[in-house]
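>>> here is my input, please return the structure:
(chains A, B and C)
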Amino acid sequence: MTTMLFDSEKIQSLRTQEPQHPWRRRTPKFTWSVALAVVIPALIAGYFLFATAIPDPIVIIIIYLPLQLLAAGVAAAVSKGKNGVADAFIYVLAIGGSIFSLVILISLIVTLFINGLKAVSVSFLTQNNFYISPSTSLEYGGVAHAVLGTLLIVFISMLVAIPVGIATAIYVTEVRGRAVPYVRFFVQAMSGVPSVVAGLFILTVLILTGAMGPSAFAGGLAYAILMLPTVARTAEEVLRLIPEDLRTGALALGSTRARTVLQVVLPAAKTGIVTAIVLGMARVVGETAPLVLVTGTSDATVYNPFNSPIAALPTYIFGNVAQPFPDAVTRAWGAALVLIIIVAILFVIARIIGRGKVK
Amino acid sequence: MAGTEVMRDLQSAATSHRGDRIFNRTITALAFTALAVLAGITVFLGAQAVPVFQTLGISYLTTTAWDLTTTPPQAGIFGMLYGSVLLSVIGLVIAIPAALLLAIFMVFLAPPALAKVLTNVVDLMAAIPSVIIGLWAFYILNPVAEEWEILLNQYLGFIPIFQNNSGNFLGTPFIAGFVLAIMMIPIITAVSREVLARTPPELINASESLGGSLWTMLRYVALPYGRGGIVGGIMLGLGRALGETIAIFFVLKIVFDTNWYQIIESGGGSVASLIVSKFGEASAGLEIQLLLAAGFFLFVLTLIVNVIANLIVSRTGRLQR
Amino acid sequence: MSTAEFEKSIEGLEVELSDSRAGLPIEMDARDISVWFGKRKVLEGVSIPFPKKTVTALIGPSGCGKSTFIRTLNRLHELIPGAALAGEVLYEGKDIYSPDVDPTHIRLKIGMVFQKPNPFPSMTIRGNVLSGLKLSGMKRPNHDDIVEETLRAAGLWNEVKDRLNAAAGELSGGQQQRLVIARALAVQPHVLLMDEPCSALDPASTLKIEETIRELSKEITIIIVTHNMQQAVRVSDYTAFFLAAENEPGYVVEQGPTTDIFGNPRDQRTLDYVNGRFG
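Numbering: from 1, shown residues only, chains lettered A, B, ... in the order given. Presented below is the predicted three-dimensional model:
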């Protein structure tokens, strides 16, 4: 009898054991060194910031950051030994790097709201700029014509890019022709075309040839070039998720390939396709360079997409930045706020639809 | 309901091979739109570059000038092409460490909830239109950056890149490069985050079980494993930076005198911004052609960078799967 | 298993509080280890002593917490989100979960080999063997000697001595597993944990690794999780049999010298399991 059986009484007594996380327990030495490593550099930097005339950037980069690294390194060496020092540096630098990016983003968003809200009012959202000069006060005029112009241009680009983009995705996932790798390669290459080049291309083809003047239609075609790769790639990903059974099932019932795709596969992928479209819209809606080249601008509300220069939010902002008139600049901020809200709405829509699709 | 209707429809449908053929051909034709557009850009913009070369010769690419009043006119975009690269390098020097640190923080350090928030923050940053970043940079970043530049010049002015002779610290390559960094950070972060998050857990386990620390794990395991993807992400960011137009237009003073290295001296070059800045005043045929030719070379440059980036990203993707 | 069933299942069993390991020098001692993932308890009251320079096999059907248990012994368990633990693991007389203990130090002393061979793909064979030195910052002179010595100990030297700078991915699965054993040995652990090291390997490779284990046990303490009863008999000095009812925490039914567990088990369930009647 040399083996050991389990001991029921002992196990019963152990039933009272509580789940613990012993690895979260800290030695007082560790807690103190971390606390000091956070507080001391902050206090020293605070002193230099507020009590001396040394410029802020120098305090932060020459004094605070090295001091914080040193303090974290010493704290790690004291509490964890020399192997912890490099990790402490990474901690400090990674948090610092993240704060750097966050500060930029927060500054962008906050200044956008602070300055933009000065311009936004009911009239700003509902009027056009027809009787407005850069020096007119903010009570008059608005971006309604630019919002309409943006919507019209994006709509035209959708008419072109969505069918072509989805067809490209169908070619890759459903038709599966021999050229699939090439098509995917070209779509990828196309996604890297700079927006200004897309504008130049449409300028050369449509406007310089005299086929038409600056117009919403030309802008829509330029946007379509930028939108197509986004729609094609997202739609391709979505169609890949459609189970193969659905296709074979329909084909087995005697359906043609065309009907299978149009009546079974696409409807099954409906929400995903919508996501692809929304992402495509978000991709182009703020693009400025192509519009500067091919739509011109206008202070009036334009409905005809073919025969007239037209305003859009990006070109409206573009035209009002760096004006010597404060009210014109405030208008630019206001239009930027409207634009970012449109982008945000599109992204939220894409997220919501996308989430439904995954589950 | 809808499903049964579809099925009935399908059963009743006569198998039409002709319909399928038409369908296949239409789809195939449309699928080649991307190629058609790329070819169209090459042909149409390339065709505009031909007369430019006939008039100016290779000096269009090797000199820096823009004076169309002389006979013969003088124009060369070397300084603009060089400027685009210089701005991108400045942007990368700032963006690569910031993006990698952010990605490392999101994957290995942040609590999951915070990491999720940061993922959304990065996506949001990527979605901000460049005209808005330009607006912000012109009014908010400019004064701050000017202060940094004056300090850099004051204390490090003995280093050639921090020289400034004009006393004007606005419209500098540094500010423009910084703006490009803001646009590259989300791209590089998103790709790096994904690549680092795909480090196989068994390799992380191996590193932990060998007494590895976070730093050594990154240095010897995660970063070597994700290197290909990260480099690809950087190239994608570079492609975006080279083509960036509007934001640079606001913050860079374009001068036709190659600024080789004085990054905090007012004035520099950028092909993309040149096009927009000269477009308004361009009326005569030659000037438009010069801009279209510039667009052609910008297109070629970004195409090369993007193709390499995508090859790297897809190749490492395949190896790792 | 309800409490009533539990009571019934243990009815009439004799309880011995010690076995033949009592007098031996003990390298590691797990005491009253219980483990949770989130709210779910997966292991209950496991106490196993591990005598120095012996091989202990942990056997039992899948899902009874053997792998979870072995990961508590070198503090890899805590890296899983939601993990919790009670009890203590004594190593050199001290609880490895005490707050002043550095987990990286523990993981160096208590090495681990995983189920799936996991050499670092971006490193050469030589680089993999020496990777522990880089990762832990440990300084050891004569790297060439370390490479040869550990690869010999892992039974791989003759197969790779001419291509030490080849990528680790070129090796077969069995060779990779011996490579990661060499890698674990290069940092001179006192204990080696092996989590089903042969489950992904062919019989020939398995045999080689078993030889390696027997050789290594002259120098270090080995704890091995295995599903293969013959393997436990072939390589181990002691065996602990784990069992878990469905959705109940696992526990150790019986433990002791391998010869007794397999030749003369006292619990009916141990007898059934070692004879292949379930699991």
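
>>> close enough to count as contact, residue C:223 and residue C:72?
No: assessed by CB atoms under 8 Å, residue C:223 is found out of contact with residue C:72, at 11.3 Å. Placement of C-beta: from N, CA and C, glycine included.

>>> between these two, which one's more packed in?
residue C:223 (28 against 23; other CB atoms under 10 Å in any protein chain shown).

>>> tell me if residue A:141 really is in a strand.
No: counting by DSSP: H, G, I helix; E, B strand; the rest coil, residue A:141 is not part of a strand but coil.

>>> what's the separation between it and residue A:38?
Distance, residue A:141 to residue A:38, by CB to CB, to the nearest Å: 51 Å.

>>> equivalent analysis for residue C:258, please.
Counting by CB to CB, the gap from residue C:258 to residue A:38 is 53 Å.

>>> residue ranges with poor pLDDT in the stretch 251-359 of chain A?
A:356-359 (pLDDT under 70).

>>> tell me the residue of it that sits nearest chain B?
Taking CB to the nearest CB, chain B has its nearest neighbour within the stretch 251-359 of chain A at residue A:286, 2.3 Å off.

>>> measure that residue to residue C:214 for me?
69 Å.

>>> neighbour-wise, which of those two wins?
residue A:286 (25 against 14).

>>> residue C:278 reaches residue C:272, doesn't it?
Yes: counting by CB under 8 Å, residue C:278 does reach residue C:272; the two are 5.7 Å apart.

>>> looking only at neighbour counts, state which of these two leads.
Using other CB under 10 Å as the criterion, residue C:278 and residue C:272 rank with residue C:272 on top: 13 against 9.

>>> mind checking which helix or strand the more buried one is in?
Assigning secondary structure by DSSP states H and E places residue C:272 in helix C:268-274.

>>> hmm, back to that, what about the closest residue to the residue of the stretch 251-359 of chain A closest to chain B other than its chain neighbours, how many neighbours?
In space, not counting the residues next to it along the chain, residue A:286 is nearest to residue B:129; the distance is 2.3 Å by CB to CB, 6 or more residues apart in numbering or on different chains. The tally of other residues near residue B:129 (other CB under 10 Å) stands at 24.

>>> residue B:129: what's it in contact with?
A:285-288, A:314, A:339-340, A:343 (CB atoms under 8 Å, 6 or more residues apart in numbering or on different chains).

>>> which among these gets closest to residue C:230?
residue A:343 (65.1 Å; CB to CB).

>>> which parts of the stretch 51-200 of chain C sit against chain B?
C:74, C:76, C:79, C:81, C:104-105, C:107-108, C:111-112, C:114, C:116, C:118-123, C:131-132, C:134-138, C:180, C:183-184, C:187 (CB under 8 Å from any CB of the partner chain).

>>> out of these, which sit inside helices?
C:104-105, C:107-108, C:131-132, C:134-136, C:180, C:183-184 (DSSP state H).

>>> contacting residues for the residue of the stretch 1-150 of chain A found nearest chain C?
When scored by CB to the nearest CB, the stretch 1-150 of chain A has residue A:3 as its residue closest to chain C, at 3.0 Å. Shown in contact with residue A:3 (CB under 8 Å, 6+ apart): C:16, C:19, C:254-257, C:260-261, C:264-266.

>>> excluding chain neighbours, what is closest to it?
That would be residue C:256: by CB to CB, 6+ apart, it lies 3.0 Å from residue A:3.

>>> for the helix or strand hosting the one you found, packing partners?
If you go by DSSP H and E, residue C:256 is part of strand C:251-257. In terms of contacts (3 or more CB pairs under 8 Å, 6 or more residues apart in numbering or on different chains; DSSP states H and E), strand C:251-257 is packed against strand A:4-5, strand C:40-51, strand C:238-243, helix C:268-274.

>>> for those, which one sits closest to residue B:246?
Using CB to CB, the nearest of these to residue B:246 is strand C:40-51, at 55.1 Å.

>>> excluding sequence neighbours, find me the nearest residue to residue C:136.
residue B:211 (3.2 Å).

>>> so residue B:310 touches residue B:233, yeah?
No: assessed by CB under 8 Å, residue B:310 is found out of contact with residue B:233, at 11.0 Å.

>>> compare the two (neighbour count), which wins?
Neighbour count, other CB under 10 Å: between residue B:310 and residue B:233, residue B:233 has more, with 28 against 20.

>>> phi and psi next, for residue B:171.
phi 70, psi 30 (degrees, to the nearest 10).

>>> now for it: which residues touch it?
So residue B:171 contacts B:251-253, B:266-268 (CB under 8 Å, 6+ apart).

>>> if we can go back for a sec, would you reformat the helices and strands packed on strand C:251-257 as CSV and include mean pLDDT?
What follows is the helices and strands packed on strand C:251-257, written out as CSV (pLDDT from 0 to 100):
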stretch, mean pLDDT
strand A:4-5, 80
strand C:40-51, 93
strand C:238-243, 94
helix C:268-274, 92
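
>>> among those, which is the most enclosed?
Ranked by mean neighbour count, those are led by strand C:238-243 with a mean of 27 (mean count of other CB atoms under 10 Å in any protein chain shown).

>>> list the helices and strands that one packs on?
Against strand C:238-243 (3+ CB pairs under 8 Å, 6+ apart) you get strand C:40-51, strand C:55-59, strand C:251-257, helix C:258-263, helix C:268-274.

>>> let me have those in CSV, extended by distance to residue A:279.
Below are those laid out as CSV (distance: least, CB to CB, whole Å):
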stretch, distance to residue A:279
strand C:40-51, 39
strand C:55-59, 51
strand C:251-257, 53
helix C:258-263, 61
helix C:268-274, 56
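
>>> list the buried ones in stretch A:173-183?
Neighbour-count burial for stretch A:173-183, with 16 or more other CB atoms under 10 Å in any protein chain shown as criterion, is recorded at A:173-175, A:179, A:183.

>>> please apply the same query to stretch B:17-24.
Quick answer for stretch B:17-24 (16+ other CB under 10 Å): B:20, B:23-24.

>>> just these that are near chain A?
Restricting these to contacts with chain A (CB under 8 Å from any CB) yields B:20, B:23-24.

>>> looking at those, which one is closest to residue A:111?
residue B:23 (52.0 Å).

>>> what residues are up against the closest one?
With CB under 8 Å, 6+ apart, residue B:23 has these contacts: A:256-258, A:261.

>>> likewise residue A:120?
Contacts of residue A:120 by CB under 8 Å, 6+ apart are A:334, A:337-338.

>>> what sits against the residue nearest in space to the middle of chain B?
Centroid-nearest residue in chain B, with CA atoms, centre = their mean: residue B:240, separated by 1.6 Å. Taking CB under 8 Å, 6+ apart, we find residue B:240 in contact with B:183-184, B:187.

>>> of those, which is the most crowded?
residue B:184 (29 neighbours).

>>> what about the closest residue to that residue other than its chain neighbours, helix or strand, and which?
Distances taken as CB to CB, 6+ apart put residue B:237 closest to residue B:184, at 3.6 Å, once the chain neighbours are dropped. Assessed by DSSP H and E, residue B:237 sits inside helix B:223-243.

>>> the residue nearest to residue A:3: neighbour count?
25.

>>> who's in contact with residue 274?
By default, I'm working from chain A. Residue A:274 touches residue A:353, counting by CB under 8 Å, 6+ apart.

>>> right idea, wrong chain: chain C
Applying CB under 8 Å, 6+ apart, the residues contacting residue C:274 are C:59, C:229, C:241, C:261-262, C:265.

>>> cool, and residue B:98?
Neighbours of residue B:98 in contact, by CB under 8 Å, 6+ apart: A:97, A:100-101, B:181, B:185.

>>> mind redoing it with 6 Å?
A:97, A:100-101, B:185 (CB atoms under 6 Å, 6 or more residues apart in numbering or on different chains).

>>> mind listing what's buried in the host helix or strand of it?
Secondary structure assignment for residue B:98, by DSSP H and E: helix B:78-104. For helix B:78-104, a neighbour-count test (16+ other CB under 10 Å) marks B:78-88, B:90-92, B:94-96, B:98-104 as buried.
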